[in-house]
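K.L.:
any chance you can model this:
(one chain, ligands or ions: 2)
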Amino acid sequence: MSKKHPIISITGSSGAGTSTVKVAFEHIFRRSQINPAIVEGDSFHRYNRAEMRQAMIKAEAEGNRNFSHFGPEANIFEELEKQFKTYGETGTGKKRYYLHNDDEAAVHNKRLGTSLKGGEFTPWEDIPPGTDLLFYEGLHGGVVDAKAGVDVAKWVDLLVGVVPIVNLEWIQKIQRDTAERGYSAEAVVDTILRRMYDYVHYITPQFSRSHIDFQRVPVVDTSNPFIARDIPTADESLVVIRFRDPKNVDFPYFLSMINGSFMSRPNTIVVPGGKMGFAMEIILTPIIHKLLENKKKA
Ligand SMILES: Nc1ncnc2c1ncn2[C@@H]1O[C@H](COP(=O)(O)OP(=O)(O)OP(=O)(O)O)[C@@H](O)[C@H]1O
Ligand SMILES: O=C(CO)[C@H](O)[C@H](O)COP(=O)(O)O
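P.N.:
Residues are numbered from 1 along each chain as shown. Ligands and ions are numbered 1, 2, ... in the order given. Here you go, the predicted structure:
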């Protein structure tokens, strides 16, 4: 934790919607004239796509069917922790991008004068000096790997979990990876299965460390996520928002501001799906302002 150089982490599984939630944060940053250093979790994958395929074949040959992007073998958790520690201490650090497809590559090739392809990383670049905070979005913003002595969570000032119920997460992943990343539905299901061990051991424990979780729950039947044709819409879902420490949370204010909201537990407010972005803005804006006030005083 750093008063001088705060870190906000949005963490969630693949398909949970962390990239989508990033947009709500970008609104907050723009309106509040905050200049963030944005770090994408996928940039801390250990391998590019071709290397990952090779590493997976090798792991399978050795009898490991759980080698996945969710676990420590395929990510540089130690570098992620170092990144958070360095930013917290100095407000600087390094960043790069994992290019999921050629469209993403084209954007960075134009900026960098490179000829990178989908599945490759951009080179590491310095985070420019003078940013107000670090904003991480990805799989491992609150990860702990006790065996390796890695604790990313302890450097984070605001840890937000984005966690749809698992059927919805899978529907979202299958739709996105087939529509935008060129995978077959079978290949995506295979990936989901291979990642299950690491999902349980490295992804879900993060949501016991998060300060706030946003869990989208559909109110339509998603009982077979593997044949679902559409992602349930905002109107077909509710969002369950859980606060780890509800002591200083102004629930009456949120209830009066968010039409259709209600409390389901003393630390949990439920809002209509269409209000998720709005709820994020009114809940998170004052917390972010507080971090920046503390920064000024530090
Ligand atoms: N609240 C939402 N309502 C409707 N669709 C959503 C919502 N959140 C995410 N989606 C859809 O789910 C898919 C996955 O979302 P997104 O790309 O944000 O996931 P992610 O967590 O960033 O995944 P990854 O870590 O693999 O990049 C996208 O197609 C996105 O449009
Ligand atoms: O888990 C993920 C990110 O959050 C992605 O699935 C991972 O980055 C995928 O890489 P690739 O496109 O090479 O399959």
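
K.L.:
just the element for the closest residue in space to Pro266 that isn't next to it in sequence, please.
P.N.:
Once flanking residues are discounted, Pro266 sits nearest to Pro246: 6.2 Å by CB to CB, 6 or more residues apart in numbering. C-beta coordinates here come from the backbone N, C-alpha and C atoms, glycine included. Under the criterion of DSSP states H and E, Pro246 resides outside all helices and strands.

K.L.:
I'd say Pro246 and Met263 touch.
P.N.:
No: here Pro246 lies out of contact with Met263, judged by CB atoms under 8 Å, at a distance of 9.9 Å.

K.L.:
so what's Val150 bridging to?
P.N.:
Asp145 (DSSP bridges).

K.L.:
measure it to ligand 1 for me?
P.N.:
20 Å (CB to the nearest ligand atom, to the nearest Å).

K.L.:
give the contact list for that residue.
P.N.:
Taking CB atoms under 8 Å, 6 or more residues apart in numbering, we find Val150 in contact with Pro72, Phe77, Glu78, Leu80, Glu81, Val143, Val144.

K.L.:
turn those residues into TSV, columns for secondary structure, pLDDT and neighbour count.
P.N.:
Formatted as TSV, these follow (DSSP: H, G, I helix; E, B strand; the rest coil; pLDDT from 0 to 100; neighbours: other CB atoms under 10 Å):
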residue	secondary structure	pLDDT	neighbour count
Pro72	helix	97	18
Phe77	helix	98	21
Glu78	helix	97	15
Leu80	helix	98	22
Glu81	helix	97	23
Val143	coil	98	27
Val144	strand	98	19
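
K.L.:
just give me the neighbour total for the closest residue to Pro123 other than its chain neighbours.
P.N.:
Using CB to CB, 6+ apart and skipping the chain neighbours, the partner closest in space to Pro123 is Arg96 (6.4 Å). When neighbours are counted by other CB atoms under 10 Å, Arg96 registers 16.

K.L.:
likewise the one 4 residues further on?
P.N.:
Per other CB under 10 Å, the neighbour tally for His100 reads 17.

K.L.:
likewise Thr114?
P.N.:
13.

K.L.:
repeat for Arg209
P.N.:
20.

K.L.:
OK, contacts around it?
P.N.:
Arg209 neighbours (CB under 8 Å, 6+ apart): Gly142, Val144, Ala153, Leu159.

K.L.:
separation between Glu79 and Glu125?
P.N.:
Going from Glu79 to Glu125 by CB to CB, to the nearest Å gives 15 Å.

K.L.:
tell me how far the residue nearest to Pro266 lies from Val188.
P.N.:
Pro246 is 37 Å from Val188, by CB to CB.

K.L.:
and the contacts of Arg209, which two are the farthest apart?
P.N.:
Val144 and Leu159 (11.6 Å; CB to CB).

K.L.:
mutual contacts of these two, please.
P.N.:
Going by CB under 8 Å, 6+ apart, residues that sit against Val144 and also against Leu159 are Ala153, Arg209.

K.L.:
hmm, back to that, okay, Pro246 and Val188: which has more neighbours?
P.N.:
Just comparing Pro246 and Val188: by other CB under 10 Å the higher neighbour count belongs to Val188, 21 against 14.

K.L.:
and the more buried one, what does it touch?
P.N.:
Contacts of Val188 (CB under 8 Å, 6+ apart): Lys173, Ile174, Asp177, Thr178.

K.L.:
ok, of these, which come out buried?
P.N.:
For the contacts of Val188, a neighbour count by 16 or more other CB atoms under 10 Å gives the buried set as Lys173, Ile174, Asp177.

K.L.:
my guess is the first one meets Gly12, correct?
P.N.:
It refers to Lys173. No: Lys173 lies out of contact with Gly12 (CB under 8 Å); the separation is 11.0 Å.

K.L.:
right, is the helix or strand bottoming out on mean pLDDT in the chain up against ligand 1?
P.N.:
When the helices and strands of the chain are scored by mean pLDDT, DSSP states H and E, helix 18-31 comes last with a mean of 90. Yes: with CB under 6 Å from any ligand atom as the measure, helix 18-31 is seen reaching ligand 1 through Thr18, Ser19, Thr20.

K.L.:
can you turn the buried subset of the residues you listed into a selection I can paste into ChimeraX?
P.N.:
Only the buried entries of these go into this ChimeraX selection, using 16+ other CB under 10 Å:
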select :18,19
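
K.L.:
got CSV for the residues of helix 18-31 next to ligand 1, with distance to ligand 2 too?
P.N.:
Formatted as CSV, those follow (distance: CB to the nearest ligand atom, whole Å):
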residue, distance to ligand 2
Thr18, 8
Ser19, 8
Thr20, 12
